[in-house]
Every structure is written in C-alpha cells, then in structure tokens.
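Student: fold the following, please.
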Amino acid sequence: RRMLLQPWRMWRAARALPAKVFHFHDPELLPIGLLLRWGGAKVIYDSHEDVPRAVLSKYWIRPWLRRLVASVFETFENFVARRLSAIVTATPHIARRFAKLNPRTLDINNYPMQRELADGVQAATEGRTVCYIGGIGVIRGVLEMVTALEQVDATLVMAGPFENADTEARVRAL
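Tutor: Residues are numbered from 1 along each chain as shown. Below you'll find the predicted structure:
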C-alpha cells in the first residue's frame with residue numbers, strides 16, 4: 001500500500017498546493033517527482049541510500065528476483081535523476097553515483113553533530129565506541145552489529161526504536 005497507493009495520494013496533494021519547489025526522499029515518489037518536474041516545479045531528490053544495491057539484500061523480495069528488481073529500479077532512478085532540479089545525498093558514495101547523472105548533486109554527509117545530541121550526552125573519549133542511530137531492525141543489520149562485537153574491543157551504542165518486540169528481545173539476549 002505504501003509503495004503503490006501513497007505516491008498517488010501525494011501526487012494529488014502536491015498538485016493542490018501552490019508550491020513551486022518539492023523536496024522528497026522516498027524512492028517510491030520518483031514517478032511523482034518526475035511528473036512535478038515536467039509540470040514546471042523545482043524538484044529535489046534526497047537520496048539517503050544506494051537503493052539498487054540495498055534491494056539486493058531485501059528479504060521480502062525473492063532472491064532470484066532481486067537482481068532484476070535492482071536493475072530495473074536503477075534504470076528508472078537514473079532516468080529521473082537526470083531530469084530533476086537537484087539531488088542531495090547522505091554519503092560521498094551516493095554523491096559520486098548521482099554526480100555522473102546530474103551536475104546539481106550535493107553530498108551533505110548526513111552525520112549527527114555533537115551539539116544536536118540531547119543534553120547530558122557525552123562523546124566517547126576512551127576506548128572504541130561504535131554508534132548506530134536509526135530504526136533498529138534485522139534488515140538493517142542489528143544482529144550482525146551485535147555479534148561482530150565479539151571480534152573487536154569496542155562498545156556499541158544504539159539510539160532509535162526497535163522494529164518490534166521480538167527483535168528487541170533477540171538483541172538483548174545477545
């Protein structure tokens with residue numbers, strides 16, 4: 001529903017606005033972004049991840065179908081990216097990919113700033129600390145992060161909501 005119906009609801013809502021600039025980050029909104037751009041609006045795509053490569057690890061896509069889905073998505077994403085007003089990326093890797101397609105690509109290195117953290121949170125000053133911020137789930141590698149700690153002398157600090165109670169229980173058990 002999110003990937004098939006919501007974009008068209010967004011399309012109707014966007015068309016009803018007097019806006020001249022649209023900024024979106026959900027890849028399923030690429031068709032809407034393209035339509036808005038063709039309609040004369042300035043459209044900025046905020047790419048947080050390398051979606052074609054991420055598709056290769058999506059457990060909900062059958063393994064034999066992942067390469068095809070990734071290839072079709074990448075072809076479409078590239079087509080749209082060439083036509084958008086600008087692209088904002090979260091990492092240098094993603095920026096390099098899009099800069100080949102659109103010269104108005106900007107990498108903002110989407111990392112938290114110390115001053116943005118809640119009061120009382122201190123930066124790690126001793127030992128090795130790995131920090132993970134975001135939704136905590138199996139698809140995002142939480143089990144691998146925790147078990148990898150057996151191989152290194154480091155502390156893992158996680159900030160974010162667990163995807164469900166089962167995942168939280170599994171992580172706490174590790």
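Student: packing partners for the biggest helix by length in the chain?
Tutor: For the chain, the helix that runs over the most residues, judged by DSSP state H, is helix 63-81. Applying 3 or more CB pairs under 8 Å, 6 or more residues apart in numbering; DSSP states H and E, one finds that helix 63-81 contacts helix 30-38, helix 51-55. Where you see a C-beta, it was placed from the backbone N, CA and C, and this is true even at glycine.
Student: tell me which other helices or strands the last one touches.
Tutor: Spelled out, it's helix 51-55. helix 63-81.
Student: centroid residue for this protein?
Tutor: The centroid of the chain falls nearest to residue 48 when counting by CA atoms, centre = their mean (3.5 Å).
Student: surely that residue and residue 108 touch.
Tutor: No: Residue 48 lies out of contact with residue 108 (CB atoms under 8 Å); the separation is 10.3 Å.
Student: need the residues touching each of the two.
Tutor: Applying CB atoms under 8 Å, 6 or more residues apart in numbering, one finds that residue 48 and residue 108 are jointly contacted by 89-90.
Student: now do the SS call for residue 98.
Tutor: Look at residue 98: counting by DSSP: H, G, I helix; E, B strand; the rest coil, its state is helix.
Student: was I right about it contacting residue 87?
Tutor: Yes: at 4.7 Å, residue 98 counts as touching residue 87 under the criterion of CB under 8 Å.
Student: got the contact list for the residue of the chain most remote from its centre?
Tutor: Here the chain reaches farthest from its C-alpha mean at residue 126, the gap being 30.6 Å by CA atoms, centre = their mean. For residue 126, the contact set (CB under 8 Å, 6+ apart) is empty.
Student: check the one 3 residues further on too.
Tutor: Residue 129 is in contact with 154-157, counting by CB under 8 Å, 6+ apart.
Student: now it, what are its backbone angles?
Tutor: When read as degrees, to the nearest 10, the backbone of residue 129 gives phi -130, psi 130.
Student: bridging residues for it?
Tutor: The partner list for residue 129 in beta bridges (DSSP bridges) reads residue 155.
Student: buried stuff in the least confident helix or strand in the chain by mean pLDDT?
Tutor: Across the helices and strands of the chain, mean pLDDT, DSSP states H and E gives its lowest value to strand 129-133, namely a mean of 86. Of all the residues in strand 129-133, those buried under the rule 16 or more other CB atoms under 10 Å are residue 132.
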